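Undergrad: for reference, the sequence and a predicted model appear below.
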Number of protein chains: 2
Amino acid sequence: MSDLTYPIEGFAPAPAESLIGLTLDDPRVPTPSFIIDDRKLEANLERAKARAKALGVTLRPHLKTHKSIKIARRQMVSPEGPATVSTLAEARYFAANGVKDLIYAVGIAPQKLAEVERIRALGCDLKIILDSEEAARLVSDYCMVKDVEIPVLLEVDVDGHRSGIQPESEDLLKAARALTNGAKLVGVLTHAGDSYECKTIDAIREAAEAERAGIVRAAERLRAEGFLIDIVSLGSTPTLMFAESEEGVTEIRAGVCALFDLFMTNVGACSMDEIAGSVLTTVIGRQTAKNRVITDSGFLAMSRDRGTQRQKKDYQYGVVCLMNGEPVEGDKLLLTGTNQEHGIITIPEGTDLAQEHFPVGLRLRILPNHACPTVAPYAHLLLVRDGHIVDVIEHVRGWE
Amino acid sequence: MSDLTYPIEGFAPAPAESLIGLTLDDPRVPTPSFIIDDRKLEANLERAKARAKALGVTLRPHLKTHKSIKIARRQMVSPEGPATVSTLAEARYFAANGVKDLIYAVGIAPQKLAEVERIRALGCDLKIILDSEEAARLVSDYCMVKDVEIPVLLEVDVDGHRSGIQPESEDLLKAARALTNGAKLVGVLTHAGDSYECKTIDAIREAAEAERAGIVRAAERLRAEGFLIDIVSLGSTPTLMFAESEEGVTEIRAGVCALFDLFMTNVGACSMDEIAGSVLTTVIGRQTAKNRVITDSGFLAMSRDRGTQRQKKDYQYGVVCLMNGEPVEGDKLLLTGTNQEHGIITIPEGTDLAQEHFPVGLRLRILPNHACPTVAPYAHLLLVRDGHIVDVIEHVRGWE
C-alpha cells in the first residue's frame, strides 16, 4: 500500500528506549513531546481508587485519555480490568494485552459488530451500549444470523447532554424487549456530561445525584419488568470526585482524572499542581515588537481544544511552566496562540518577565486545556521522575 | 518498550489493502475514516500548478496538509521536489522517499540540528529557517564544531502575524552577518498569515502584494550588502490563488489548496464543491427530544478546529454530506457539537429533514473546518473515485 523506500521508523532520531535515563533538557529528547509526571500520575490514580472505594462502587476507569496498557495496569483494580474504552482500536489493543472486561462506551453501529465479535474471540468480555429499539433490533438480528452472544447495556440520558434514553421513557422498555437471541441485556449506563459545565462544587454534587437517581430509576423500571440488571454504571471525573452517595450503583467510570488538565482545574476537580501531563516544547524565535516568544508547540502538539474559554479562567492554549513543572509567574504566562507547528507565548504586562528570559533553544513545559486530545497524536508518552525519563510508553492511536 | 502481547496491527479489522475496490458503505470500511475525492484532488493540484505557472514562479508545495508521499508526487513539479515541510518527521519521511529539495519552514531549534544533518546525509538538500542573530550564531557554531554545511533562509515578517524579521529592520542584516562557517545564507522566506483573515478578495490581493513587496525588499537590502540571495520564497493558499504579480519572487508555497476546507470556502479560495477531503462517519443513535442525530465523528475525528467560527459563515464542526458528497440541504445540516468519539448533528428548523431520515447505521460524509488537523490522526487516507476506494494512502504522523 505504501511505497516507502524505507520504513519511516528506519529514520527515527533515536530508538525510543534510548531516551530512558535522559533529562528533559537533553537535546536527544525531541520536542514537542508529551510528558507525564510519574509521582502526580500515581497520586491521581490512587485518589480515584480511594474515591471509588469510599463510594462503595467498582472503579471501571476510562482508558481513552492515555490509551496506554502500562498506565491502564496501574489504574485498573486488576490487570484483567474492568475498564472502559471509546474506540474498537482501544478495545482490540487492551484485549490483546490481557484486559478481559471492557465496555465500549460509544453507541454501537451495526457495521462494527463483526469487529466486536473478533475482539470477544480474543477472550475479552467486551460489552456494547445502545439507546434505541432500532439499534437493539439490529444487534439482535446480528446475533441470530451469526449465532453469537453479545452483552449489551442500555444507555440512559440523565441530563439531556448527549445520547441515551430518558429513565421514565417507554423507549427504555421497548429497547430492552427488542434485545433477543444472543443480544443479552446486562445493565444500564449513563454519563453526566453536564457535570463538566458546573460552576460550583455544589452544582457538581447535584449533577452527580441526578445522575445516580436517573440510572437507578432506569434499573428499577427494567427490573420491575423482569429484566436482570447486573451492571448499573455511571460516571465522569467530576462525579467521581464529588458524588456524596452512589447507592444502587455498581460501578463508576472516569478517565481524565488520571492526568487532569486546566479544564478540570477550573471545574475544581484538581489543583493546577496535580496536573500530571504537559507538553515539552522549545523556544524557536521571538517577535520583539509584539513581546512574543515563539515555540514549537503548535495546535497539533497542544490540540485545538479551548475548553477553558467558557470557564471562570481562560487559559488560552495553555499555562507555561518551567522545566521543574512550576508555572511561570503563577498562571500569568500563557500560550496565547497556535499555528500547526508554532506556539505563541505573549509576555504579559505587569510582570518582571522579558524576552531575554526566553533564549532560542530554551525548553518549557505547557499544561493543556484538555488532556485527551492533547495526548492523542503522540507516538510515545514520556514518563518522568525527578527530571529524568524513566519510561517511554507506547499507546494506541487512531481507529484502525 | 511496549509490552504488547501481540502487535496492534495483528488485530486490525482488515489489511488496509483489502479495502481497495470497496464502496464507502461497505461495512468493512471503518468509520471514522478520512476520504479524499481523487477527481477533486487532481483538479486542485492542477489549479495550484497553473496558478504558479501563470505567476512565473516555482511551486514549492507545503506537504503538511496530507503528509503523504503518494499525494506529494502528484503535487510537486518533480518527484525530487521542491517542497516544504513543517516537522523533521515529515522531512525524514519525504527524504527517505526520494525528495531532494526541502525547506523545513519552522524556525530551527539548535537541538534539532543533528537531525537536520542526518536527513541531509540521506541525500536531501534540507534547508532551515531562522529569524534572529541569536539563532544564526547557534547554527554557525554547530556548523563549525561539526564541520558541516547547512543552507539557511532568513524568515521575514511582512504582516506582524507570527515570526520573522521586518524587512526594514537592522536585525535582518545582523542575522545575515552572523551566519558564518557552514551556515550558508541562501534566501529569504515569508508567510502572509494575515491573508487568512481577509474578508474580501481585494483584501487578499493587498495582503499578497504586501507579502511580495516585503520579501523582495528584504532580498534587495541583503543583496545591497553583498549577500547572495538565490531563493525569494513566499506564500499561502490565499496568496497563491489571488496574487496579481510575484515579480522578484522565485517560488511560492501553499499547502491546504490540495484538499481545501470550509475555512478556505469562507475565504473565497474555493467553492464547497472543490473540497476534496471529508470524514466518513456512521449514525450511532439519536436524541429525539432535541432533534439530534449522534454519529461516530467526534473531536478526534474532526479536530477541535473551529476556524469558521470567526468567519462570515460559521459551519460549527462541519457540513454534513450524503455519500455522493452532496451537502444535505445546501449547507444547512451541520455537525453542531463533538465529544471525543461522538458527533452531534442538529436537524435545523424549516427543512424537510426528520430523524427518520437518519437510521442507525447510515453513513454520511462531513466537510471539515480545517483539513490539516483533521487529516493528522488517521493511520491511512482513503482515495475514492466514483464511490469506490481506489487506494489506501499511508502518511507520516507525529514528530518522531
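TA: Now that the structure is in, tell me what you want to look at.

Undergrad: list the buried ones in the lengthiest helix in chain A?
TA: If you go by DSSP state H, chain A has its longest helix at helix A:201-224. Neighbour-count burial for helix A:201-224 flags A:203-205, A:207-212, A:214-219, A:221-222 (criterion: 16 or more other C-beta atoms under 10 Å in any protein chain shown). The way it works is simple: take the backbone N, C-alpha and C, and place the C-beta from them, glycine included.

Undergrad: which strands or helices does whatever helix or strand comes next after that helix pack on?
TA: Under the assignment DSSP states H and E, the closest C-terminal helix or strand after helix A:201-224 is strand A:231-234. The contact analysis (3 or more C-beta pairs under 8 Å, 6 or more residues apart in numbering or on different chains; DSSP states H and E) places strand A:231-234 against strand A:183-190, helix A:201-224, strand A:251-252.

Undergrad: and chain B, which of the ones you listed is closest to it?
TA: Among the helices and strands packed on strand A:231-234, strand A:183-190 comes nearest to chain B, with 12.8 Å by C-beta to the nearest C-beta.

Undergrad: outside of that closest one, which residues touch it?
TA: A:103, A:105, A:127, A:129, A:136, A:139-140, A:142-143, A:149-158, A:164, A:176, A:179, A:211, A:214-215, A:218-219, A:222, A:227-234, A:250 (C-beta atoms under 8 Å, 6 or more residues apart in numbering or on different chains).

Undergrad: where exactly do the helices run in the stretch 1-150 of chain A?
TA: Listed in chain order, the helices of the stretch 1-150 of chain A (DSSP state H, counting those that start in this stretch) span A:38-55, A:69-75, A:88-96, A:113-120, A:133-146.

Undergrad: and the strands in the stretch 251-400 of chain A?
TA: With DSSP state E, counting those that start in this stretch, the ranges of strands along the stretch 251-400 of chain A come out as A:251-252, A:277-287, A:292-295, A:319-321, A:334-338, A:343-346, A:363-367, A:380-385, A:388-394.

Undergrad: just put the helices and strands packed on strand A:231-234 in CSV and tack on distance to residue A:308 and mean pLDDT.
TA: Shown next, in CSV, are those (distance: least, C-beta to C-beta, whole Å; pLDDT from 0 to 100):
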stretch, distance to residue A:308, mean pLDDT
strand A:183-190, 26, 98
helix A:201-224, 17, 96
strand A:251-252, 25, 98
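
Undergrad: start and end of stretch A:192-203, how far apart?
TA: Start-to-end span of stretch A:192-203 (C-alpha to C-alpha, to the nearest Å) is 12 Å.

Undergrad: re earlier: so which of the helices and strands packed on strand A:231-234 gets nearest residue A:25?
TA: With C-beta to C-beta as the criterion, residue A:25 lies closest to helix A:201-224 of these, at 38.5 Å.

Undergrad: and the closest one, how far out from the chain middle?
TA: Its chain's C-alpha centre and that of helix A:201-224 lie 23 Å apart, by C-alpha atoms, centre = their mean, to the nearest Å.

Undergrad: what is that helix packed up against?
TA: Using 3+ C-beta pairs under 8 Å, 6+ apart: helix A:201-224 touches strand A:150-156, helix A:170-177, strand A:183-190, strand A:231-234, helix A:237-242.

Undergrad: the fourth one pairs with which strands, and in what direction?
TA: Within its sheet, strand A:231-234 is paired with strand A:183-190 (parallel), strand A:251-252 (parallel), according to DSSP bridges.

Undergrad: JSON lines for the ones you listed, including mean neighbour count?
TA: Shown next, in JSON lines, are those (neighbours: other C-beta atoms under 10 Å in any protein chain shown):
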{"stretch": "strand A:183-190", "mean neighbour count": "24"}
{"stretch": "strand A:251-252", "mean neighbour count": "23"}
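
Undergrad: ok, residue A:292 - contacts?
TA: A:286, A:336, A:344, A:345, A:346, A:347.

Undergrad: out of those residues, which touch chain B?
TA: A:286, A:344 (C-beta under 8 Å from any C-beta of the partner chain).

Undergrad: just name the most buried of the helices of the stretch 1-150 of chain A.
TA: Of all the helices of the stretch 1-150 of chain A, helix A:88-96 carries the top mean neighbour count, a mean of 26, counting by mean count of other C-beta atoms under 10 Å in any protein chain shown.

Undergrad: which strands or helices does that one pack on?
TA: helix A:69-75, strand A:83-85, strand A:101-104, helix A:113-120.

Undergrad: would you convert the ones you listed into TSV that also reports distance to chain B?
TA: Converted to TSV, the helices and strands packed on helix A:88-96 look like this (distance: least, C-beta to the nearest C-beta, whole Å):
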stretch	distance to chain B
helix A:69-75	7
strand A:83-85	9
strand A:101-104	10
helix A:113-120	5
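
Undergrad: not counting its neighbours along the chain, what's nearest residue A:271?
TA: Among residues not flanking residue A:271 along the chain, residue A:265 sits closest, at 6.6 Å (C-beta to C-beta, 6 or more residues apart in numbering or on different chains).
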